[in-house]
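> mind folding the following:
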Amino acid sequence: MLKKFFSYTAAEGLSKALNWLTIALLPLVLSPKEYGIVGLLVAIEGVVSTITLIGQEKAIFRFHNPKSFNVLKYSFQLVTLFLILIMLISGGVYLLKKEMFNIPIFPHLIVFLISILFYNQARLLMSLSRITENAAMFWKTRALYQIIKIVAVFILAYWFKNGLSYIYGCFVAGFIFFIIYARLIYSNYKPLQGLAKFDKNTILLLGFGVPLIFHAMSGNILSYADRFFVNGFLDSKQLGIYTFVYSLGSSIFFFYGTVASYFEPLTYRHHDNKAAYQTILKFYLVFVLICAGILAFSIKCSFEPIILKYVSKDYILGINCLGYVLAAHLIIPFYTVANYELAVINKTKFIATSTVLSAMVNIGLNFLFIPKMGIVGGAISTFCTYLFLALITNLWSRIKAGWDIVYLRFIFLMFLFVNGLLLIMAYFNNRMPVQVLVFAIGIIILSILLFSLFKKLKAVFAIQPIKGVVA
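A predicted model of the protein is given here:
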């Protein structure tokens, strides 16, 4: 069991790290203008992949039954049909204009859509490998795909010095994946026979998946809306600078997911004991804030003297955005603990609602700030949106889980403490010695608190949890 756990965790962690590096390393070989094209392509990839997957990853988890229901067959069918629909729409646009987002529709965007189809097929097989506990397939579809992608994208970008190299690097990775798994795909799915054939199972999976698009799209808006606004109101060079800064700031998020892979199921296992799971959430919050804070401060301190030695000096213009982007990602753990508590008490509907509301706020703020403040406006919009998301989810979790004074006071004081530190460090932005002193004091205080919580956490480990987790 432990072997499988570490195998899946290692593959997932490696894949996420490589995916981040694919974007973060390209400024070494691309100018801000060309890198801006990459930033836009990543946003398009995220949005189109989400729409055309139509929730089929979760459908495989929910309905897979090798004896009675071949879910993969129908999932391949729906994913292919939705991508063909996107291609037809792109073809219709091509009749009116030859470009979309300043990128030629033919051949570049069409090739990109084909690469997304390959990627979606890989994601379906990733889901199948997880539900069937096939670690070898998970490594090949998750980690191997990402390894091929980073190598192909970087080589093409280095050779051609063009942002469109990202399209063809993705296509190479997807095509190699397709060659490896073509037999498995077509043993489940005969496109010439079953593409337009609908039955009750097709309708079932379509009905299951379509509502999930809206929740996933809200998450995509939070992640990518600012790129489209920067591209529309400003230019590719500004988008490239903003994408570079955002990729540095979002590196913190990778750490959250890695730590959560242990603490999230631990929280659910103690769903019957509020004091126990709240202790786990408090420890998780302080622990990730310490580690993420150290990483964020290291990035901020090294941005100008170290990072900019290896990339174009034009990227220095992003230094005014970096603090806001890092601060935004330091707010995320407050949303995460509220999210977990809502899942523990089985009140998850508001999680989707909060994401939709935050997406609407993000669109409005981007529309308001970016034309007036440029890429700094995009960074401020991101910070305000994550702040709003953390506040409303914590408020709702308290309404549903109860107004526990001790826990509420802890979350409230931690929220004030972290944001107070961020404000003080922003005020002394150009005085590094003062920033170092404030940061060191903050880390010392959090470390003392963490040590205190660790004693309580050991008591939680001594509790025998009820078998099973919250659905």
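
> following element in sequence after the lowest-mean-pLDDT helix or strand in the chain, please.
Ranked by mean pLDDT, DSSP states H and E, the helix or strand of the chain with the weakest confidence is helix 191-194, at a mean of 58. Where DSSP states H and E defines the elements, the next helix or strand beyond helix 191-194 is helix 200-233.

> got the buried residues for that following helix?
Neighbour-count burial for helix 200-233, with 16 or more other C-beta atoms under 10 Å as criterion, is recorded at 202, 205-206, 208-209, 212-213, 215-231, 233. Heads up, the C-betas are built off the backbone N, CA and C, glycines and all.

> give the rounded mean pLDDT of the next helix or strand after it.
Next along the chain after helix 200-233, taking DSSP H and E as the criterion, comes helix 236-249. For helix 236-249, the mean per-residue pLDDT is 91.

> phi first, then psi, for Ile345.
phi -90, psi 10 (degrees, to the nearest 10).

> now it: how far from Ala401?
5 Å (C-beta to C-beta, to the nearest Å).

> cool, Phe415 as well?
Counting by C-beta to C-beta, the separation of Phe415 from Ala401 is 17 Å.

> equivalent analysis for Phe138, please.
Separation of Phe138 from Ala401 (C-beta to C-beta): 34 Å.

> who has more neighbours, Ile345 and Ala401?
When neighbours are counted by other C-beta atoms under 10 Å, Ala401 comes out ahead of the other of Ile345 and Ala401, with 19 against 15.

> verify the stated contact: that one with Tyr340.
No. Counting by C-beta atoms under 8 Å, Ala401 sits too far from Tyr340 to count as a contact (10.9 Å).

> buried residues in the helix or strand containing Lys282, which are they?
In this structure, Lys282 sits in helix 274-302 according to DSSP H and E. By 16+ other C-beta under 10 Å, the buried positions in helix 274-302 come out as 274, 276-290, 292-293, 295-297, 299-300.

> for it, name the packing helices and strands.
The contact analysis (3 or more C-beta pairs under 8 Å, 6 or more residues apart in numbering; DSSP states H and E) places helix 274-302 against helix 236-249, helix 251-269, helix 319-344, helix 405-427, helix 432-461.

> worst average pLDDT in these?
Minimum mean pLDDT among these: helix 251-269, a mean of 74.

> can you show me the CA trace of it as CSV?
In CSV, the C-alpha atoms belonging to helix 251-269 read as follows (Å, rounded to 0.1, in the frame of the first residue of the first chain):
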residue,chain,number,x,y,z
SER,A,251,5.6,27.8,-7.9
ILE,A,252,4.4,28.0,-4.3
PHE,A,253,1.2,26.2,-5.3
PHE,A,254,3.1,23.1,-6.2
PHE,A,255,4.2,22.9,-2.6
TYR,A,256,0.6,23.1,-1.3
GLY,A,257,-0.5,20.2,-3.4
THR,A,258,2.4,18.0,-2.3
VAL,A,259,1.7,18.6,1.4
ALA,A,260,-2.0,18.3,1.0
SER,A,261,-1.7,14.8,-0.4
TYR,A,262,-0.9,13.7,3.2
PHE,A,263,-3.0,16.1,5.3
GLU,A,264,-6.2,16.0,3.3
PRO,A,265,-7.0,12.3,3.7
LEU,A,266,-5.8,12.5,7.3
THR,A,267,-8.4,15.3,7.9
TYR,A,268,-11.2,13.2,6.4
ARG,A,269,-10.3,10.1,8.4
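
> and the angle from it to helix 319-344?
Angle, helix 251-269 to helix 319-344, by axes from the mean of the first three to the mean of the last three C-alpha atoms, to 10 degrees: 10 degrees.

> quick one: list the elements packing against helix 251-269.
If you count contacts as 3+ C-beta pairs under 8 Å, 6+ apart, helix 251-269 packs onto helix 2-24, helix 274-302, helix 319-344.

> and if we set it to 10 Å?
The contact analysis (3 or more C-beta pairs under 10 Å, 6 or more residues apart in numbering; DSSP states H and E) places helix 251-269 against helix 2-24, helix 274-302, helix 319-344, helix 432-461.

> how about those helices, which one is nearest Lys149?
Among the helices and strands packed on helix 251-269, the nearest to Lys149 by C-beta to C-beta is helix 2-24 (6.2 Å).

> break this protein into its domains for me.
For the chain, the structural domains run 7-224, 250-460, going by automatic domain parsing.

> now those domains as CSV including distance to Tyr242?
Formatted as CSV, the domains of the chain follow (distance: least, C-beta to C-beta, whole Å):
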stretch, distance to Tyr242
domain 7-224, 7
domain 250-460, 4
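
> closest one to Lys237 among the ones you listed?
Closest among the domains of the chain, once you apply C-beta to C-beta, is domain 7-224, at 4.4 Å.

> just how off-centre is the closest one within its chain?
Mean-position distance between domain 7-224 and its chain equals 15 Å (C-alpha atoms, centre = their mean, to the nearest Å).

> could you do stretch 227-234 as well?
In terms of C-alpha atoms, centre = their mean, the centre of stretch 227-234 is set 20 Å apart from its chain centre.

> same question, stretch 400-420
26 Å.

> run through who's touching it.
Contacts to stretch 400-420, defined as C-beta atoms under 10 Å, 6 or more residues apart in numbering, come from residues 274-275, 277-279, 281-282, 285-286, 289, 293, 327, 330-331, 333-334, 337-338, 341-342, 344-347, 350, 387, 390-391, 394, 397-398, 438, 442, 445-446, 449, 453.

> tell me, how many residues neighbour the closest residue in space to Ser31 that isn't next to it in sequence?
Among residues not flanking Ser31 along the chain, Ser312 sits closest, at 5.8 Å (C-beta to C-beta, 6 or more residues apart in numbering). Residue neighbour count, defined by other C-beta under 10 Å, stands at 18 for Ser312.

> surely Thr279 meets Phe263?
No. The criterion here is C-beta atoms under 10 Å, and Thr279 misses it with Phe263 at 11.2 Å.

> low-confidence regions, the chain specifically.
In the predicted model, the chain carries pLDDT under 70 at residues 1-9, 12, 67-69, 188-195, 215, 257-258, 261-262, 308, 459-471.

> how close does the closest residue to Tyr277 other than its chain neighbours sit to Tyr386?
Leaving aside its chain neighbours, Tyr277 sits nearest to His270 (4.5 Å; criterion: C-beta to C-beta, 6+ apart). Noted for His270: a distance of 27 Å to Tyr386, by C-beta to C-beta.
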